[in-house]
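Participant: sequence? don't have it. structure:
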């Protein structure tokens, strides 16, 4: 069975029928189709070890000029660079599609646009109608960038799935910050 073709991005049908149905399907099912990158527990463990080495080596390397700190930092950075190159090379072998759309990344960008509008509204102390215009502009920008990022970040390979899983908890944090900002504005 052949899937229906995706309508053009700038068409009304894309934004009123296709994309909302895609997001609703992902939210309703609670799972998303994987992009073809299998979960490598060892690779994720290596990624975490590299990040720990970078974090552990940075303070002593920068503040004390420790040779051991620079070595630990260098090993972690080199490992992280190798993992990133490996992930991107795997990602370039696939074609981004809406079947593998990164919904967490999409919601992160939508929430980031909304948060940017709220932040500007809170910092500039604008009247409510102008603030709502800023929030709407941020929301529209986040919506468009979220769709593009949900597709484009698939080129990152397996790291995109890792980032996608981290994006939703980041959204919760942004919502908390938004509520704090709004409590001072309203």
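Facilitator: Structure received. Note that the coordinates shown come from a computational prediction; the quantities given were computed from them, not determined experimentally.

Participant: So which bits of stretch 62-73 are buried?
Facilitator: For stretch 62-73, burial by neighbour count (16 or more other C-beta atoms under 10 Å) applies to 69, 72, 73. C-beta here means a position set from N, CA and C on the backbone, and glycine is covered the same way.

Participant: again with stretch 15-34
Facilitator: Under 16+ other C-beta under 10 Å, the buried positions of stretch 15-34 are 18, 19, 22, 23, 26, 32.

Participant: what's in contact with that stretch?
Facilitator: 6, 7, 98, 99, 100, 101, 103, 106, 147, 161 (C-beta atoms under 8 Å, 6 or more residues apart in numbering).

Participant: Go ahead and confirm the first one touches residue 101.
Facilitator: I take that to be residue 6. No: counting by C-beta atoms under 8 Å, residue 6 sits too far from residue 101 to count as a contact (10.6 Å).

Participant: tell me how far stretch 50-65 is from the chain's mean position?
Facilitator: Relative to its chain's centre, stretch 50-65 lies at 26 Å (C-alpha atoms, centre = their mean, to the nearest Å).

Participant: Can you name the residues in contact with it?
Facilitator: 66, 68-77, 79-80, 83.

Participant: Which pair of those spans the longest distance?
Facilitator: 66 and 83 (24.8 Å; C-beta to C-beta).

Participant: hey, where'd the helices end up in the protein?
Facilitator: 12-13, 19-29, 41-63, 67-91, 103-124, 128-152, 158-185 (DSSP state H).

Participant: possible to save those as CSV with mean pLDDT?
Facilitator: Below are those laid out as CSV (pLDDT from 0 to 100):
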stretch, mean pLDDT
helix 12-13, 90
helix 19-29, 88
helix 41-63, 89
helix 67-91, 92
helix 103-124, 92
helix 128-152, 93
helix 158-185, 88
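
Participant: Could you identify which of the ones you listed is most buried?
Facilitator: For the helices of the chain, the largest average neighbour count (mean count of other C-beta atoms under 10 Å) is found in helix 103-124, namely a mean of 20.
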